[in-house]
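S.K.: What would the 3D arrangement of this be:
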Amino acid sequence: SLSLSLSRSLSLSLALSLALSLSLSLSLSLSLPYPSSAAARYLSKALARVALVAPGSGAEPWPFASHNDEGRIYRQLDASPVWARLATASIARYDSLQAGSRMPFAVPGAYLCAGELGSRTVRATAEVAAQLGLTPTWLDAAALAKWAQPLLRLPATATGMLETKGAGHLSPRGCVAAQRRLAAAQGAHVLDTAAVAVRLAADGLVHVQLANGQTLQARQALVAAGAFTDAALLDGFDVPLAVQGRTVLLRDVTSLLEVAPELKRLPCLITDARAPDDGSLLEDIYMLPPVSYPDGRTYIKIGTGDFDHPLPTVEARRAWFVGPPAARDTAVLAGVLDALLPVTQNAPERTLNCAITNTPSGYPIIDFPPVQNNSLHRRRLLLAAGGCGKAAKSADEIGRLAALQLLGRESWPPEYPRHLFAPWTAENAAKL
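M.R.: Okay, the predicted model is just below:
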């Protein structure tokens with residue numbers, strides 16, 4: 001049997017088993033590029049024939065993919081115990097993934113969760129840390145102000161938690177490449193193409209139509225296409241995903257580092273801030289320390305999830321990735337970064353557009369959609385999508401859970417409430 005894992009854009013992971021009618025590719029974009037490659041690695045351990053359809057896995061990068069970036073925060077601390085567990089499990093495997101693939105992608109460092117006095121994020125994160133036995137360093141307003149000197153400027157009333165173990169930043173591009181290399185070393189076939197349609201055929205197999213005109217047949221398929229998941233990739237099933245566009249700002253500090261080398265000691269930061277144009281509270285600001293990019297420059301990256309840019313169709317998502325940045329997002333992010341790091345105010349800037357894929361529960365969907373012919377098509381087609389802006393650091397565990405579901409050899413781990421990941425049953429639909 002052949003098990004094929006497909007990736008459309010960022011990561012459209014199809015795990016298929018059985019007869020290969022020749023190449024196939026599903027391109028997963030944005031939130032879940034990573035889980036498809038991780039799932040392929042786990043599946044290739046258990047099955048003799050696995051394929052990963054991964055556009056951009058060759059010489060040319062796939063343009064519609066959020067993982068074509070070098071900076072993501074990784075941390076165990078989170079305002080959700082479920083996301084904290086997903087992250088902790090994945091981070092624990094980073095060293096073995098890097099050693100096995102000989103491809104470093106994670107840079108250990110510090111993570112600071114900060115906010116104005118009474119911040120909901122700081123309060124919820126502290127509660128989860130206590131629940132899970134995590135032990136960050138608590139910084140009251142005076143301690144935080146002293147620790148942040150001389151570069152980082154936070155509000156005078158800000159408090160926070162500092163995590164120095166199990167935290168840092170990672171290259172999503174490098175993480176995906178490492179997973180793909182390990183999957184290939186275990187015998188998986190990596191196909192550099194895109195899938196345009198997936199259907200459950202009358203013969204009981206999954207048929208995947210590729211962008212190159214070829215068709216792939218398999219007994220099972222795992223679809224993890226992130227922002228580019230739509231009904232065409234799920235045999236016409238509606239997908240309960242809400243895709244949002246995001247613009248991020250990169251400030252070039254290559255030259256600045258020569259006179260301000262202390263910038264290298266900055267932590268990864270998630271905080272709240274005031275919008276410079278209207279004073280509104282932004283509760284989802286994140287910033288990374290200086291990160292090296294393939295163009296040879298070093299950037300400080302800042303972004304936010306506070307602005308809405310709904311992308312209801314695949315066409316709108318493609319246009320967003322190659323279109324101009326959101327003007328207000330760019331201006332607000334520049335103003336917030338000026339306030340946080342005044343020393344960077346005159347540094348050159350560039351922007352990137354990406355997207356996140358949200359679900360009704362706020363957690364990834366890892367579930368089999370309902371099928372008309374339950375006996376013939378049962379457990380043939382599995383969806384893993386909806387990173388909700390948090391999937392990069394947690395991709396290995398999400399991919400492992402998807403592989404477990406497809407293989408059907410182990411029960412769902414009890415630490416992850418099943419109804420949060422499975423929207424397609426009547427009982428779960430009621431809980432969402």
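S.K.: can you pull out the helices in the stretch 201-350 of the chain?
M.R.: Under the criterion DSSP state H, counting those that start in this stretch, helices of the stretch 201-350 of the chain are mapped to 256-259, 314-322, 327-340.
S.K.: Buried residues in the last one, which are they?
M.R.: Taking 16 or more other C-beta atoms under 10 Å as the basis for neighbour counts, the residues of helix 327-340 that come out buried are 329-330, 332-338, 340. Quick note: C-beta positions are derived from backbone N, CA and C, even for glycine.
S.K.: now stretch 191-208
M.R.: Buried residues in stretch 191-208, defined by neighbour count with 16+ other C-beta under 10 Å: 191-200, 205-208.
S.K.: Identify the residues contacting residue 230.
M.R.: Applying C-beta atoms under 8 Å, 6 or more residues apart in numbering, we find residue 230 in contact with 239, 313-314.
S.K.: Among those, which one sits closest to residue 395?
M.R.: Relative to residue 395, the closest of those is residue 239; by C-beta to C-beta it sits at 19.5 Å.
S.K.: Once you drop chain neighbours, what's closest to that closest one?
M.R.: residue 229 (5.4 Å; C-beta to C-beta, 6 or more residues apart in numbering).
S.K.: so where's the longest helix in this protein?
M.R.: helix 391-407 (DSSP state H).
S.K.: list the helices and strands that one packs on?
M.R.: Judged by 3 or more C-beta pairs under 8 Å, 6 or more residues apart in numbering; DSSP states H and E, the packing partners of helix 391-407 are helix 34-46, strand 72-74, helix 81-91, helix 172-185, strand 221-223, strand 365-367, strand 381-385.
S.K.: any idea of the mean pLDDT for the fifth one?
M.R.: Per-region confidence: strand 221-223 scores 92 on mean pLDDT.
S.K.: So what are the sheet partners of that strand and their directions?
M.R.: Next to strand 221-223 in the sheet, as set by DSSP bridges, lie strand 2-6 (parallel), strand 381-385 (parallel).
S.K.: Mean pLDDT lowest where, among those strands?
M.R.: strand 2-6 (a mean of 48).
S.K.: can you give me the helices for the stretch 1-150 of the chain?
M.R.: For the stretch 1-150 of the chain, the helices defined by DSSP H, counting those that start in this stretch occupy 34-46, 81-91, 94-101, 120-132, 141-148.
S.K.: tell me the angle the fourth one makes with helix 81-91.
M.R.: Helix 120-132 and helix 81-91 are oriented at 70 degrees to each other (axes from the mean of the first three to the mean of the last three C-alpha atoms, to 10 degrees).
S.K.: Now do helix 120-132: distance to the chain's middle.
M.R.: 22 Å (C-alpha atoms, centre = their mean, to the nearest Å).
S.K.: Could you pull out the buried residues of that helix?
M.R.: Of all the residues in helix 120-132, those buried under the rule 16+ other C-beta under 10 Å are 121-122, 125-126, 128-129.
S.K.: Need the contact partners of that helix.
M.R.: 76-81, 84-85, 88, 113-115, 134-136, 138, 159-161, 270, 272, 283.
S.K.: Please repeat the previous calculation with a cut-off of 7 Å.
M.R.: The contact list for helix 120-132, computed with C-beta atoms under 7 Å, 6 or more residues apart in numbering, reads 77-81, 84, 113-115, 136, 159-161, 272, 283.
S.K.: Repeat that for the third one.
M.R.: With contacts defined as C-beta under 7 Å, 6+ apart, helix 94-101 is touched by 104-106, 178, 181-182, 396.
S.K.: I'd like the average pLDDT over that helix.
M.R.: According to the model, helix 94-101 has a mean pLDDT of 98.
S.K.: Just give me how far it sits from the chain centre.
M.R.: Mean C-alpha position of helix 94-101 versus that of the full chain (C-alpha atoms, centre = their mean) differs by 19 Å.
S.K.: same check, this time on the first one
M.R.: Between the centre of helix 34-46 and the centre of its host chain there is 15 Å, according to C-alpha atoms, centre = their mean.
S.K.: now swap in stretch 178-188 and tell me
M.R.: The chain centroid and the centroid of stretch 178-188 are separated by 20 Å, computed with C-alpha atoms, centre = their mean.
S.K.: do the same with stretch 261-281
M.R.: 21 Å.
S.K.: now do stretch 257-268
M.R.: Offset of stretch 257-268 from its chain centre (C-alpha atoms, centre = their mean): 26 Å.
S.K.: got the buried residues for that stretch?
M.R.: Those would be 260, 263, 266-268, for stretch 257-268 by 16+ other C-beta under 10 Å.
S.K.: Point out where the protein drops to low pLDDT.
M.R.: Within the chain, the segments meeting pLDDT under 70 span 1-34, 57-63, 65, 372-374, 425-432.
S.K.: I'd like to know which of the helices and strands packed on helix 391-407 lies nearest to residue 304.
M.R.: Nearest of the helices and strands packed on helix 391-407 (C-beta to C-beta): strand 72-74, 13.1 Å.
S.K.: Report all helices and strands that the closest one contacts.
M.R.: strand 168-170, helix 391-407 (3 or more C-beta pairs under 7 Å, 6 or more residues apart in numbering; DSSP states H and E).
S.K.: ok, and which of these has the densest surroundings?
M.R.: helix 391-407 (a mean of 27; mean count of other C-beta atoms under 10 Å).
S.K.: Outside of it itself, which residues are in contact with it?
M.R.: 15, 31-32, 34-35, 38-39, 42-43, 46, 72, 74-75, 83, 86-87, 89-91, 93, 97, 170, 172, 175, 220, 222, 224, 364, 366, 382, 384, 410.
S.K.: got the angle between it and helix 94-101?
M.R.: On the basis of the same axes, to 10 degrees, helix 391-407 is oriented at 70 degrees to helix 94-101.
S.K.: Secondary structure class of residue 422, three-state.
M.R.: Using DSSP: H, G, I helix; E, B strand; the rest coil, the structure places residue 422 in coil.
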